[in-house]
Structures are given as structure tokens and as C-alpha cells.
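> Here is a sequence with its predicted model. Questions after.
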Amino acid sequence: MEINNTKVIKDSNFRNLYETEKLIAGNIFEYAYLFDKVRNATIDMGDFYGDPYCALIDVNNQWCLIGGEHLCVWNGGQRITELINKNLKWILQMRQIGSFEAELLVEGDSDANLSVWSINVNSLVNNKIREIERGGDLPEEMSW
């Protein structure tokens, strides 16, 4: 659902997760939003169990991912997909690796190792790339 105003990003509880020259991905508590600066419109990306942890907007502003307890995918237009997948639960960080591909650093449900997954934002095909040994508390930004 799209809201034609800036009310969401002006809310004092709005947390900016990722920003480009055209888009801002963020949240107000458990609710995620994508704000289009050009059209002055806010897209409701859905709600999470707990606050979302991270977001990624591609370099051409064609897609956006918001991650936390699950993954929300925006492919342009009004299409939002909530990807609920036990392997992609508790997403901590993201990075773009191709025109329509990203890597996700995933904590998962247990105290086991972290894992790195790739995802194609068009097909939503995702594959585990590798595990990263957990070593105590997680730093804000990991080198992965």
C-alpha cells in the first residue's frame, strides 16, 4: 500500500536503514517502509516480529530488501514479497553482488554458526554460500 506523504519518515521513531539519492528504506518499530523521494510517496513494506535489522537498495534504485526476522523484497512498482524461509531467518546484514543479486548474512534460529546466502531478487532463488564461525558477540559491521 502506498501513502502519498512524508508523514512516516518525519516520525521521530523512524529509523533510516538504507538511503540512496531516490529512496529511503527504514522502519518505525516493527513496521518497514520504503520512501520514494522523487514521488513523495511511502510504500508499506510490511511488519516484522521485532524491528528489522538491515536494508539494501540496489545502485539503480530498482529493488529493495529489508531484513530481520524474515525478508521483504520490493521489485519496483507495488509488488512486495514477504519471504518467510527458515533458512533466511534473522538477517543481520546485506550487500549487493550483481544487478539483481545480493548476499545476506544470516544468524538463524540457533547459536550455531552464521551463514551467508545469495538471493536473486527477481526469482527469489536463494542458496547457501558458506558458514562463518561464530566468535562471541556480533560486531555492528562484520567483515564477511
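Good, I have the coordinates.
> Please name the residues that touch Asn127.
117-118 (Cβ atoms under 8 Å, 6 or more residues apart in numbering). All C-beta spots, glycine's among them, are computed from the backbone N, C-alpha and C.
> I'd like the distance between it and Ala25.
From Asn127 across to Ala25, the span is 24 Å (Cβ to Cβ, to the nearest Å).
> so how far is stretch 55-75 off the chain centroid?
5 Å (Cα atoms, centre = their mean, to the nearest Å).
> buried sites along it?
55-58, 63-74 (16 or more other Cβ atoms under 10 Å).
> With stretch 97-110 instead?
Neighbour-count burial for stretch 97-110 [16+ other Cβ under 10 Å]: 100, 102-108.
> Show me what secondary structure element comes after the worst-scoring helix or strand of the chain on mean pLDDT.
Within the chain, no helix or strand scores below strand 2-3, which has a mean of 62 by mean pLDDT, DSSP states H and E. Downstream of strand 2-3, the next assigned helix or strand under DSSP states H and E is helix 7-10.
> what's near enough to touch Lys52?
Heads up, residue 52 is Pro, not Lys. 17, 27, 30, 32, 66-68, 72.
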